[in-house]
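Colleague: Model the structure of this input:
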Amino acid sequence: MNLSKLSIEEKTNYQKILLSYIKNFESTNHFLTFIEAIRKEDKNPVLATGREFHCFVGNITWTKAIFADKLEVLKNAQSTTLDQNHKRTLNAIKTLTPINFTMKIKDKKKKFEFKIFDVEEQEASNEKKVIKITPIFDVLFLSSIADIKRILKLEV
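Modeller: Next up, the predicted model:
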């Protein structure tokens, strides 16, 4: 997420979404500990060919391997509308859209699913779909810990 490009309303909405996911964990600290465990890996865990990441807080599995070139497209498009006219971006969208992630929290034995993209239909039928990276994917695999903490501390 690029905080400088987000409006106050977008930041507030982002915070609400994050807080809804944090409810699945024991606390905000557990959530941040999970993210820090992901960041400590030498290589982004989403690139693991085994399609899973485990730590003492919980684990994440996904349905299809993700390669470095697709992750690079996601990092470049972070928290913005994806440029659907660019061939590399289109290929990444087509490849990554069907991937499902399942996250299990060990202490609560809860699990929830998420995707990489949110697709919003435009009101006018001749407009393109707006495709954005989901906040939970962004936070887990792309955003810095400092940005995540800033969003969580945001006061409106």
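Colleague: what's the distance between Ala92 and Leu3?
Modeller: As for Ala92, its distance to Leu3 is 23 Å (criterion: C-beta to C-beta, to the nearest Å). Where you see a C-beta, it was placed from the backbone N, CA and C, and this is true even at glycine.
Colleague: could you say what helices and strands the host helix or strand of Ser20 packs with?
Modeller: According to DSSP states H and E, Ser20 maps onto helix 8-22. On a contact count with 3 or more C-beta pairs under 8 Å, 6 or more residues apart in numbering; DSSP states H and E, helix 8-22 meets helix 28-40, helix 135-137, helix 145-153.
Colleague: and for the first one, what are the contacting residues?
Modeller: When you say that, I think you mean helix 28-40. 21-22, 25, 44-45, 53, 55-58, 105, 107, 139-141, 145, 148-149, 152 (C-beta atoms under 8 Å, 6 or more residues apart in numbering).
Colleague: Just name the most buried of the helices and strands packed on helix 8-22.
Modeller: helix 135-137 (a mean of 20; mean count of other C-beta atoms under 10 Å).
Colleague: could you say what helices and strands that one packs with?
Modeller: Under the contact definition 3+ C-beta pairs under 8 Å, 6+ apart, helix 135-137 sits against helix 8-22, strand 110-115.
Colleague: Find the nearest non-adjacent residue to the most centrally placed residue in the chain, please.
Modeller: The centroid of the chain falls nearest to Phe137 when counting by C-alpha atoms, centre = their mean (1.2 Å). Nearest residue to Phe137, sequence neighbours excluded (C-beta to C-beta, 6 or more residues apart in numbering): Ile116, at 5.0 Å.
Colleague: thought the one you found was touching Thr95?
Modeller: No - taking contacts as C-beta atoms under 8 Å, Ile116 lies outside contact range of Thr95: 9.9 Å.
Colleague: More neighbours: the two, which one.
Modeller: Using other C-beta atoms under 10 Å as the criterion, Ile116 and Thr95 rank with Ile116 on top: 26 against 16.
Colleague: circling back to that earlier point, show me which of the contacts of helix 28-40 are buried.
Modeller: 21-22, 25, 44-45, 53, 55, 57-58, 105, 139-141, 148, 152 (16 or more other C-beta atoms under 10 Å).
Colleague: Of Ala92 and Leu3, give the one with the bigger neighbour count.
Modeller: The residue with more neighbours, out of Ala92 and Leu3, is Ala92; 24 against 16, by other C-beta under 10 Å.
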